[in-house]
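>>> Just a sequence and a predicted model for now, questions to come.
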Amino acid sequence: MNVVMLDQHYRHLQHLEAAINACALSVTIDAAGTVTAVNTQVVAALQQSSDHIVGQPLTSILRPANADQWQKIWNTLLAGQPVQEQCCFLKNEHTPIWLEAGISPLLNSSGTMEHCMLIGIDITSRKLAEIKREQNEIYYSQVLENLPLGLQQFTTDGRSIDMNSRQREIWGDAHPFFTKPEYQWLQDPFYRLNGLSDLFEEVITSGKTLKREILLSYREKRSENITRLYPVYFEATLFPLTDQQRNMVNVFLILDDITEKKLSELSLQKSERLLDNIIENLPIGYIQFDNFGFIRRINQTQRFFFNSPYPAGRQPFNVMNDDLSTMFELDKLFIQALEENRSLRVEKKIDFSQDKRWTTVGREVYLDLTVFPVIEPVDKEMIVVALVNDITDKKMQELENRKNQEFLQQTGTIGKIGGWELDIESNKVRWTDEAYHIHDCPVGAEIDLKRAMGYYTPESREILDTLVKQCQAGKPFDAQLTIVSERQQTKRVRSIGQPGYVDGRLVRMYGVVQDITEQAEIRDALSRNTELMRLFFDTIDMGYAAMEKNGNVNFLNRKAEKMIGHPVAIGSNIFEEFPRLSGTVFFARLQECILQQASQSFGIYFPGVDKWYDFLLTPMQDGGISVFMRDITDSRKMQKDLRKANDQLSNLNKNLLNQNKQLEDFAHITSHNLRAPIANLKALMQMHNEAIAQQERDLYLGMVHEVIKKIDETLNDLVEVVQIRKDVNVEREKLLFSERLQKVRDVLLVDIETSNIQITYNFGEEPVIEYPRVYLDSILQNFITNAIRYRSSERTPAVHLQTWKENENIILSVQDNGVGIDMERFGNKLFGFRKTFHKNKDAKGIGLFITKTQVEAMGGSIRAESHPGQGTKFIITFRSE
């Protein structure tokens, strides 16, 4: 029985082996990894004999493609465990063979593996196809994921299934697709409004691929703290996907960002409309002809110029056969532009009174015509455009300018004024005709700098050479010099010159030269006569002055200068040189003398110097006024000595009050008034020396101390003002208003924080100025300081600065909300020297005067607008270079 069962079992094993050999590879391997037996499938697969295979290490004939996998399998087998895996081996070192392998270990009695049997079915073809399919899926998945287009898969009811990264980027992380799992986008009002929902439903209904441009969202862009919204346009393509039975299973959405293209199209449309609008609103006439000469279009400027009485009948007009066009050869201009295919520009003088059919201009006009051919972009036809500019006024102005030029030349001849220009690069000098005449030189002769300088005497040449060098450095000059002409005539000339710049580079110097020989001779004769008159009047024992009605001095003798207290320049004003006259009856009596043409005699007491003067004003035949003055102080003092002691005390008190007032007035003088306080000081010292009583001497010493102190302060301020006015060529540099304002804020940090003033500005229109740094800083600091100093206690102080351009000049406005100024009362004194209008202990009255001086020194101007209690607005005009 056991024999029979063993026999059956053996036959089963034979059948199993035959079945395995028929479809599978079988390899027996010992514990060392050496092949001990193979079946025919292995021999066929390796195309080697079994003798060659047996005895070889398995890894030498079938090298595992994945060594780590094989090592793990082998360790499992050594542990006595069977293995079933898909394994890849390489035959002939490169050809892959995939096996669905089952490997069983054969163990000895001690549990150690002696052999193992590998039975594997060749699945190479299926596996390679599967790998290829997986690779393709990965490839196409990567392609779709990295498409520059958005791609999204939906079910037919609109549920989102999947999308690529670009689509996720388009929607954004906060989109309901990602935040609301049950989101029904087809019902979203936004997608209803932009048409995407309708497009999806149309694809479901029709089963067709559909495409449409949609406004999908808005994109934010920030620029200078301003957020702007820009539309984002996409081209949406929806197409269905069907199964084998052609049933729709999915719908795919492709989104292509066409914002740039769409905005370009919109911009192009806008540009076309803009171009059409520009043509219609050109300040010159625009006429469009077809290539046959018929008018196709004219703009409103041309319509206004034509002022045609028959606008409906203008259409048949043809430039080729119109009588007026032919008369003035406009037809030839049209043909020339077409034949030569180029732009032509001519000036035409046309008499429109010759034709009243097309226009009611009815007069002779000058036209600047530009005629050029253009290819019409749509029909590709040649058209002709004529730009018509009425230059009649310009031509009339040119004729007028020509007349004016002739007039100026005649005037220059009469006034003996010639013009000159020096080219810096070539050293060539250009003269006007009158300049040649002044030098007795033939008109048109070639002049260079050396020859021009040769006409001057050695002394004048040395002066002029220095002036020219200074002018090359940017400083204008005005000097009276001596020349010797070609005819050896000595002449006095006034030479004026200034530099000329192009793009900041000195390229020329130009100016005028005037023959002042006759004036110089007259002036010399006048000086001699004046000296004789001075000698005569210096012999009389009284002061004498000859002056104009406005107070300007023409002559003064020494006695008058001694009474005034200092030398007086001819041409200066007596009220400025003799400030003690202010507030006296002198001005009123002067007006009476002028109006009544009668002499006026009166006396004036000057408490500041304790002097009594008698005046006699007498009108002269030439309209001037003679002023005789006599010091009667001694006689008056004799009367004063007879008064009672209480009158003396009262007068002394009065004198002290007048003296204090005089000292206060002294603090408000301008630079030409410095001589008066110096004379005051001199008089005080003299009175001190003549005083007998110690109390009186102490009193005068106290007065001297105060005068010196005020003079020192005034001198310091005036030195600064004079320096500003003198230094007109202070270096300019490009400055940012905002940077300089910040510099001032840093300097005034404590005052700004203490006053809590709010400083705002708007320098957007004109942020940069070319100006001296020290001047701009001083101007800004003075205005900020004024806003702090004169702030109102009723509101939070604030000041606003703004710049803009007006008539090529930069304007700066500074407006505060302080206490304001009564402009009707103080407007004419606002920028005066040492003028103050508020009871502010810190006010000196010098800041606005300095600011005005700095602005005017650079050619600018300043004005103010203000009302009491409503703040003040200063407007500064910076002259452009």
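Thanks, I have the structure now.
>>> what about the strands in the stretch 301-450 of the chain?
344-351, 364-375, 382-390, 417-423, 428-431, 447-448 (DSSP state E, counting those that start in this stretch).
>>> and the first one, how far from the chain's centre?
This points to strand 344-351. Counting by C-alpha atoms, centre = their mean, to the nearest Å, strand 344-351 is centred 40 Å from the centre of its parent chain.
>>> Show me what that strand is packed up against.
Strand 344-351 sits against helix 330-340, strand 364-375, with contacts defined as 3 or more C-beta pairs under 8 Å, 6 or more residues apart in numbering; DSSP states H and E. C-beta coordinates here come from the backbone N, C-alpha and C atoms, glycine included.
>>> Quick one, which of these gets closest to residue 154.
Closest of these to residue 154 is strand 364-375, at 49.3 Å (criterion: C-beta to C-beta).
>>> now the closest one against strand 344-351, angle please.
Interaxial angle, strand 364-375 versus strand 344-351 (axes from the mean of the first three to the mean of the last three C-alpha atoms, to 10 degrees): 150 degrees.
>>> Going by neighbour count, which residues of strand 364-375 are buried?
For strand 364-375, burial by neighbour count (16 or more other C-beta atoms under 10 Å) applies to 365-369, 371, 373.
>>> which residues of the stretch 51-200 of the chain score low on pLDDT?
Low-confidence segments of the stretch 51-200 of the chain (pLDDT under 70): 137, 140-144.
>>> And the strands in it?
Using DSSP E, counting those that start in this stretch, strands in the stretch 51-200 of the chain cover 63-64, 83-91, 95-107, 113-122, 150-154, 160-163.
>>> Show the low-confidence segments of the stretch 401-550 of the chain, by residue range.
By pLDDT under 70, the low-scoring segments of the stretch 401-550 of the chain are 404-415, 526, 529-539.
>>> Helices of that one, start to end?
Assigned by DSSP state H, counting those that start in this stretch, the helices in the stretch 401-550 of the chain fall at 433-438, 449-454, 458-472, 517-537.
>>> most packed of those helices?
Comparing the helices of the stretch 401-550 of the chain by mean neighbour count (mean count of other C-beta atoms under 10 Å), helix 433-438 comes out on top with a mean of 20.
>>> give me the element the closest residue to residue 805 other than its chain neighbours is part of.
Leaving out its chain neighbours, the residue that sits closest to residue 805 by C-beta to C-beta, 6 or more residues apart in numbering is residue 766, at 5.3 Å. For residue 766, there is no host helix or strand (DSSP states H and E).
>>> follow-up on the earlier one: can you lay out the helices of the stretch 401-550 of the chain as CSV showing distance to residue 605?
Listed next are those as CSV, based on distance: least, C-beta to C-beta, whole Å:
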stretch, distance to residue 605
helix 433-438, 57
helix 449-454, 60
helix 458-472, 50
helix 517-537, 25
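>>> Nearest to residue 815, out of those?
Between residue 815 and these, the tightest spacing by C-beta to C-beta is seen for helix 458-472, at 40.6 Å.
>>> Going by contacts, tell me the helices and strands next to the closest one.
When contacts are defined as 3+ C-beta pairs under 8 Å, 6+ apart, helix 458-472 packs onto helix 449-454, strand 477-484, strand 490-502, strand 505-515.
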